[in-house]
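Asker: Sharing a model that was predicted from the sequence below.
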Amino acid sequence: MSSILIKSAQLVNEGKVEAADVYISNGRIEMIAQEINHPADQEINAEGLHLFPGLIDDQVHFREPGLTYKADIWHESRAAVAGGTTSFMEMPNTVPNTLTQELLQDKYNIAGKNALANYSFFMGAANDNLEEVLKTNPRDVCGIKVFMGSSTGNMLVDNEKALEGIFANAPTLIATHCEDEATIKANLAAFKEKYGEDGLKIEMHPLIRSAEACYLSSSKAVELAKKHDTRLHILHISTAKEIALFRNDIPLKDKKITAEACIHHLWFSDQDYTTKGNFIKWNPAVKTANDRDHILKAVLDGHIDVIATDHAPHTIEEKMQPYATAPSGGPLVQHALQALLDMVKAGKMTLEQLVQKSAHNTATLFQVEDRGYIREGYWADLVLVDLNKPYTVSKENILSKCGWSPFEGHTFSSTIEHTIVSGKVAFSKGQIIEKGAGERLLFNR
């Protein structure tokens, strides 16, 4: 493998910003020093640029197999590296659902050929596949996904005995989608009775998939985890009320129950439905500005541990359907880092906090081996960013297969210049570089 020397970068890493050179050899960071003059196959002049550890996104839906008309691993992993995300963990609500070890291996085989970013895949849980779930290898699978609320793909686990069995016996981390199905169904019925099916509008989405529905399900997951001493990670927290379920008084490495916030819940609020419509329809729903503000506060004070995207593309045609039939989810992985950097520029967080929540903590939480930090001996997953070079999102520069973004037309304050994945330059100055593939993530457990 080739060697790379990065000269004169501003490293943002482990709570500090400092000038340094970085030498990469055989896929890994060999040396970090104020000045390195070692010969290399490739030299990158990083003067004026900031060097971050590549983002690790613990929740994406790349739709392969079975839904490749809207997304696939080839396209979405390219969108990821163009946005500075070097590793992803993908969800099991593909077609067929990833409910057997054989189907799980099929996805790894596809990624081994087509993923430009590093990859891992969640094993899916259902009401009747505990035996398959128990075969999951904690060393090379990121976790087990449990839908405690139905969303795209309808993998709802609603059998109490099945839930108890999964929480009691899971061989590794359980990640949950938490929305109470009965509450949502009751809310939907009430809105249909009042307004009729044709009278349902996107503005009703956070009232139908309500804060109460989220809290009921999240609190139940926490209760089950405490009962069985389960390692639980609750995805996409969308309400202020849920934050009290999590602790911030112990180190992340000692937590048994953790939480994730997503870009859309940190950026949008229910006021944006009037202009964005179904293009910001997610499950759980984008809720009030008060919820958004409390989620950000919880990210910064340690109640919420990581930031991710829940990147979940659908076609424009699907999103243009009436509210009741339009699917939930949207593409975010290409613009996650730039969105967070805009939040830094607005004074909402620091560069160091951004890196902690989107790289360091994700690596710690999932016990990812040798990634998530800029350290000698670690894999070289790195992104160089120009913080002062504006970038406007347009149809022409969107790499997700669906061809749209909720950020379309927005001008970010920063531009991703180079992304290095497992020691290979995968993206440089607007161009994807087809040079090798991402690596399978391994876990220290």
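Answerer: Thanks, I have it.
Asker: So, low pLDDT: which residues of this structure?
Answerer: 1, 150-154, 436 (pLDDT under 70).
Asker: residue ranges of the helices in it, please?
Answerer: Assigned by DSSP state H, the helices in the chain fall at 73-82, 101-114, 130-133, 160-169, 181-195, 205-208, 211-228, 263-267, 273-276, 289-301, 316-319, 336-345, 351-355, 361-366.
Asker: distance between the third one and the chain's centre?
Answerer: Read it as helix 130-133. 25 Å (C-alpha atoms, centre = their mean, to the nearest Å).
Asker: quick one: contacts of it?
Answerer: Identification of contacts with helix 130-133 by C-beta atoms under 8 Å, 6 or more residues apart in numbering yields 99, 100, 101, 123, 125, 144, 162, 165, 166, 169, 170, 171. Quick note: C-beta positions are derived from backbone N, CA and C, even for glycine.
Asker: Just give me the neighbour total for the spatially closest residue to residue 437 that is not a sequence neighbour.
Answerer: The shortest distance from residue 437 to any residue other than its chain neighbours is 5.8 Å, reached at residue 115 (C-beta to C-beta, 6 or more residues apart in numbering). Around residue 115 there are 26 other residues, counting by other C-beta atoms under 10 Å.
Asker: Against residue 38, how distant is residue 115?
Answerer: 30 Å (C-beta to C-beta, to the nearest Å).
Asker: closest one to residue 95 among the helices of the chain?
Answerer: helix 101-114 (10.2 Å; C-beta to C-beta).
Asker: Report how many residues lie close to the closest residue in space to residue 374 that isn't next to it in sequence.
Answerer: In space, and not counting its chain neighbours, residue 374 is closest to residue 13: 4.2 Å by C-beta to C-beta, 6+ apart. Residue 13 has 22 neighbours, counted by other C-beta under 10 Å.
Asker: thought residue 13 was touching residue 355?
Answerer: Yes. Contact criterion C-beta atoms under 8 Å: residue 13 and residue 355 qualify, at 6.6 Å.
Asker: Identify the residues contacting stretch 203-210?
Answerer: Here stretch 203-210 makes contact (C-beta under 8 Å, 6+ apart) with 179, 183-184, 187-188, 191, 195, 270, 273-274, 281, 283-288, 323.
Asker: and the contacts of helix 130-133, which are buried?
Answerer: For the contacts of helix 130-133, a neighbour count by 16 or more other C-beta atoms under 10 Å gives the buried set as 99, 100, 101, 123, 125, 144, 162, 165, 166, 170, 171.
Asker: what would the residues you listed look like in JSON lines with distance to residue 222?
Answerer: Listed next are these as JSON lines, based on distance: C-beta to C-beta, whole Å:
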{"residue": "99", "distance to residue 222": "25"}
{"residue": "100", "distance to residue 222": "29"}
{"residue": "101", "distance to residue 222": "28"}
{"residue": "123", "distance to residue 222": "21"}
{"residue": "125", "distance to residue 222": "17"}
{"residue": "144", "distance to residue 222": "17"}
{"residue": "162", "distance to residue 222": "18"}
{"residue": "165", "distance to residue 222": "18"}
{"residue": "166", "distance to residue 222": "15"}
{"residue": "170", "distance to residue 222": "15"}
{"residue": "171", "distance to residue 222": "20"}
